[in-house]
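1. With the input below, show me the fold.
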Amino acid sequence: MDPFTWFFCLMHFALVTAQAFKDFLPSIVKTFDLGELTTYFIQAPPYAFAYAFACACAWSSGRRQESFWHIVIPIIASMVGCAVLISTENIGARYFGLFLLISGTYNGLNLQLSWETTVVPAPRSKKAALIAIANCISQCSHWFSPYFWPRAHEPFYRLGGGLVLVGCVLVIVSAGLARWRAQKLNKKLDIAEGWSEHSGVERGWRFVY
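-> Numbering: from 1, shown residues only. Model (predicted):
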């Protein structure tokens, strides 16, 4: 099986794991002690910002034909946001941490899905199999992630935060592996075509990374 399959399976699994907080966001925000109505209201802005951020990153990624840094840099920001969320009682800082946490992980999942389809241009059956396998494996995180957010761990939910951080680290590792393989295969294609920066030969299709 193509190594890309396993790299993107791990990346998809890690991204879904890093999003384990989403089902418990009301409980997390409730620890801000801002009242029931305000608790529900302030959950919307981080997601609205994440949507706009994901659109901007998707546009930039497509325009530059680059995926790795467009995923990794926001994921690092998510790690910072998670660290803030589980380490301080300052409400403003924790709320800002939510913006970082949500934006980076949701952007990463969107770009990962597009990246995995570009590394397998043909046949369509292989591309479909990669998407199906990655989706199937990623859902396994739902089997265990709910157990990392017990109410007894309020207000910081550090066990759940630790799970999110592990997921983010695995995203960076798997993205790095995918990038490394794409670069390796591109070099082989360059040699096969006799292409170099000064060869004058037109460069054909290459793996995006």
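
2. measure residue 27 to residue 39 for me?
-> Between residue 27 and residue 39 the computed distance is 10 Å (C-beta to C-beta, to the nearest Å). (Glycine included, C-beta is placed from N, CA and C.)

3. Also residue 46?
-> Residue 46 is 13 Å from residue 39, by C-beta to C-beta.

4. Over to residue 52?
-> Counting by C-beta to C-beta - residue 52 and residue 39 are separated by 23 Å.

5. out of those two, which sits in the more crowded spot?
-> The residue with more neighbours, out of residue 52 and residue 39, is residue 39; 18 against 11, by other C-beta atoms under 10 Å.

6. can I assume that one is in contact with residue 26?
-> Yes - using C-beta atoms under 8 Å, residue 39 is in contact with residue 26, at 6.8 Å.

7. in the chain, which helix or strand is least confident?
-> helix 124-138 (a mean of 88; mean pLDDT, DSSP states H and E).

8. That one: which residues count as buried?
-> 127, 130-131, 133-134, 137-138 (16 or more other C-beta atoms under 10 Å).

9. same question, stretch 9-24
-> Applying 16+ other C-beta under 10 Å to stretch 9-24 flags 9-21, 24 as buried.

10. how about that stretch as PDB, C-alpha atoms only?
-> Output of stretch 9-24 as PDB, limited to C-alpha atoms (Å, rounded to 0.1, in the frame of the first residue of the first chain):
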ATOM      1  CA  CYS A   9      -4.600   8.200   7.900                       C
ATOM      2  CA  LEU A  10      -2.500   9.200  10.800                       C
ATOM      3  CA  MET A  11      -2.900  12.900  10.000                       C
ATOM      4  CA  HIS A  12      -6.700  12.600   9.700                       C
ATOM      5  CA  PHE A  13      -6.900  10.600  12.900                       C
ATOM      6  CA  ALA A  14      -4.600  13.100  14.700                       C
ATOM      7  CA  LEU A  15      -6.700  16.100  13.500                       C
ATOM      8  CA  VAL A  16     -10.000  14.500  14.700                       C
ATOM      9  CA  THR A  17      -8.300  13.700  18.000                       C
ATOM     10  CA  ALA A  18      -7.100  17.300  18.300                       C
ATOM     11  CA  GLN A  19     -10.800  18.400  17.800                       C
ATOM     12  CA  ALA A  20     -11.900  16.200  20.700                       C
ATOM     13  CA  PHE A  21     -12.700  19.400  22.600                       C
ATOM     14  CA  LYS A  22     -15.600  20.300  20.300                       C
ATOM     15  CA  ASP A  23     -18.200  18.100  22.000                       C
ATOM     16  CA  PHE A  24     -17.300  19.500  25.400                       C
END
